[in-house]
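Visitor: With the sequence up front, the predicted model follows.
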Amino acid sequence: MYNSAAAGLFVWGRTALTRRPHLWESPMRKLALLGFLVGMLGVVGVAAAADKDDPTGTWKFKVKAGKQEFDQTLKLENKDGKLTGTLSGGKGADIKIEDGKFKDGEVSFSATREFKDQKFTSKYSGKVSGDTIKGTITTDRGGKETKQDWDAKREKPDEKKKD
């Protein structure tokens with residue numbers, strides 16, 4: 001009565017042709033895995049976008065003062081939305097930036113200079129887009145406010161070695 005050939009075809013009442021799928025072959029498991037992978041790609045994409053517009057680095061730009069034009073170097077570091085760094089160029093030593101902020105791709109900070117016993121403060125604001133910051137500098141000199149645009153380019157790491 002016992003047929004060994006037939007016994008191999010039955011698994012608890014099912015034939016080998018209609019076998020139960022393995023756990024990892026289940027449609028729900030496949031959907032869950034697909035959802036996880038899509039979610040991880042989204043997280044990586046957001047992190048990459050956030051890093052892309054991070055203002056940390058060395059930036060070069062020019063400013064005008066009267067008929068003269070001066071090269072400026074801005075070194076920024078962003079930690080949790082708090083922006084720190086220095087500004088150099090023109091005449092004098094490096095100046096520490098003050099009130100530095102970075103939020104939603106926007107930078108803002110101020111720098112106070114002293115020239116011929118007079119202090120004047122420039123307020124910088126701009127939008128970071130990849131390796132460019134475009135914005136406005138507002139300077140108060142003895143009660144007179146001036147504005148000018150600034151367009152800074154991020155210095156690439158290999159460009160630093162050439163100097």
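Guide: Happy to help now that I have it. Every value quoted in this text rests on a predicted model; they were computed, and no experiment measured them.

Visitor: got a pLDDT number for G45?
Guide: G45 carries a pLDDT score of 48 in this model.

Visitor: Y124 contacts F109, doesn't it?
Guide: Yes. Between Y124 and F109 there is a contact at 5.4 Å, judged by Cβ atoms under 8 Å. C-betas here are computed from N, CA, C, even on glycine.

Visitor: Need the residues touching each of these two.
Guide: Residues within reach of Y124 and of F109 at once, by Cβ atoms under 8 Å, 6 or more residues apart in numbering, are I97.

Visitor: which ones are touching F70?
Guide: 62-64, 89-90.

Visitor: Return a PyMOL selection command for the buried portion of these.
Guide: Buried subset of the contacts of F70, written as a PyMOL selection, criterion 16 or more other Cβ atoms under 10 Å:
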select buried, resi 63+89
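
Visitor: for the contacts of F70, which one is nearest G130?
Guide: Distance to G130 across these (Cβ to Cβ) is lowest for K62, with 19.5 Å.

Visitor: if I look at that closest one, how far off is L31?
Guide: In this view, K62 and L31 are 56 Å apart by Cβ to Cβ, to the nearest Å.
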